[in-house]
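Enquirer: structure for the following, please:
(one chain, ligands or ions: 1)
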Amino acid sequence: MRPHLVLHGYWRSSSAYRVRIALELKGLAFDHAPVNLLEGQQRSEEHRARNPSAYVPALEVDGTMLVESMAILEWLEEAFPAPPLLPPSPLARAHVRALAEVVNAGTQPLQNLWVLNHFFGSDQAAKTAWAKLVIARGLGAFEELLARQEPAGPFCAGEAPTLADVLLVPQLYNARRFGVDLTVFPRALRADAACADLAAFKRAHPDAQPDAKP
Ligand SMILES: N[C@@H](CCC(=O)N[C@@H](CS)C(=O)NCC(=O)O)C(=O)O
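Expert: Residues are numbered from 1 along each chain as shown. Alright, predicted model coming up:
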C-alpha cells in the first residue's frame, strides 16, 4: 500500500523543489504543508520538532518524519525503485551522486537564506554578489563533470532524468533568481531544457505550488 505523504516545504525552497520533482517522477501523491520561510516559520517550535535544523523540506511518511533532502531522495529511490533515478552501474551511480553533491553539499548550503542573512543582513547587493559567486562556482564544477562524461542523451546522465537532474533544476532556478550568467553552462542548460519538457518537472515547479506568490 502507498504511504500517506505530507511534504512540509516552501514554494521557493530549492531543497523542497528537489523532493517535489522526485515525488512527481515516481508518480506519488502527496499533501502540501507550507512553511513560510520569509515569515520565519521554519524556526518555530512546531517546525523544529519536525526538523531540528530549522529547514525545509521534511517529508512525513505515515507519521514518520524524514529530513534532509538527499536522505529523502535516497529513501524514495529505495522504496519506489521505478522509474529509477540512479543508473544501474556502480560507477555511473557514483558519477550521478557526485553531480548531486556538487549542488547539495558544495553550492546550496553557501547561499541558503539564514547564511545570507547572517553574513550580509539587509545588504541586498552583497547577498546577490555572494550568491552569484558561489552558484557560478558550483555550476562550473557541475558543467566540467558533465563534460568529462558526456551524457548519451539530453539529461545529465543519458536518456532519462536522474538525481543529478533532480538537484540541478532547482539550483538553476536559484541561479536565475540571482541573475547568474548561465550561458557558460551549455550542458547544464541542455539537461534543464529536457527536464522542462516533462510533466513531472512542470508540476513540481515553484510557480505551480499552492503557496506560490505572484
Ligand atoms: N541540507 C538540507 C538543506 C535544507 C535547506 O537549506 N533548506 C532551506 C530552503 S532551500 C531552508 O529551509 N532555509 C531556511 C533558512 O535558511 O532559514 C536539505 O537538503 O534538506
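Enquirer: now do the helices in the chain.
Expert: Taking DSSP state H as the criterion, the chain contains helices spanning 14-25, 45-50, 69-79, 90-104, 113-120, 124-148, 163-178, 186-196, 199-204.
Enquirer: give me every residue that touches the nearest residue to Ala152 once chain neighbours are set aside.
Expert: Residue nearest to Ala152 in three dimensions, not counting chain neighbours: Gly158, with 5.1 Å by Cβ to Cβ, 6 or more residues apart in numbering. Where C-beta positions appear, they are placed from N, C-alpha and C, glycine not excepted. Taking Cβ atoms under 8 Å, 6 or more residues apart in numbering as the definition of contact, the neighbours of Gly158 are Pro87, Pro151, Ala152.
Enquirer: again, but for Pro186
Expert: Contact partners of Pro186, counting by Cβ under 8 Å, 6+ apart, are Glu143.
Enquirer: how close does it sit to the ligand?
Expert: Taking Cβ to the nearest ligand atom, to the nearest Å as the measure, Pro186 and the ligand are separated by 26 Å.
Enquirer: go on, Phe80?
Expert: 19 Å.
Enquirer: for Leu91, same thing?
Expert: For Leu91, the distance to the ligand equals 25 Å [Cβ to the nearest ligand atom].
Enquirer: give me the number of residues near that residue?
Expert: By other Cβ atoms under 10 Å, 8 other residues sit near Leu91.
Enquirer: next: Pro154.
Expert: For Pro154, which is what you asked about, the neighbour count (other Cβ under 10 Å) is 18.
Enquirer: show the contacting residues for it.
Expert: Contact analysis of Pro154 by Cβ under 8 Å, 6+ apart lists Arg190, Ala191, Ala193, Ala194.
Enquirer: likewise for Asp181?
Expert: Asp181 is in contact with Ala136, counting by Cβ under 8 Å, 6+ apart.
Enquirer: could you check the pLDDT of it?
Expert: In the prediction, the pLDDT value recorded for Asp181 is 98.
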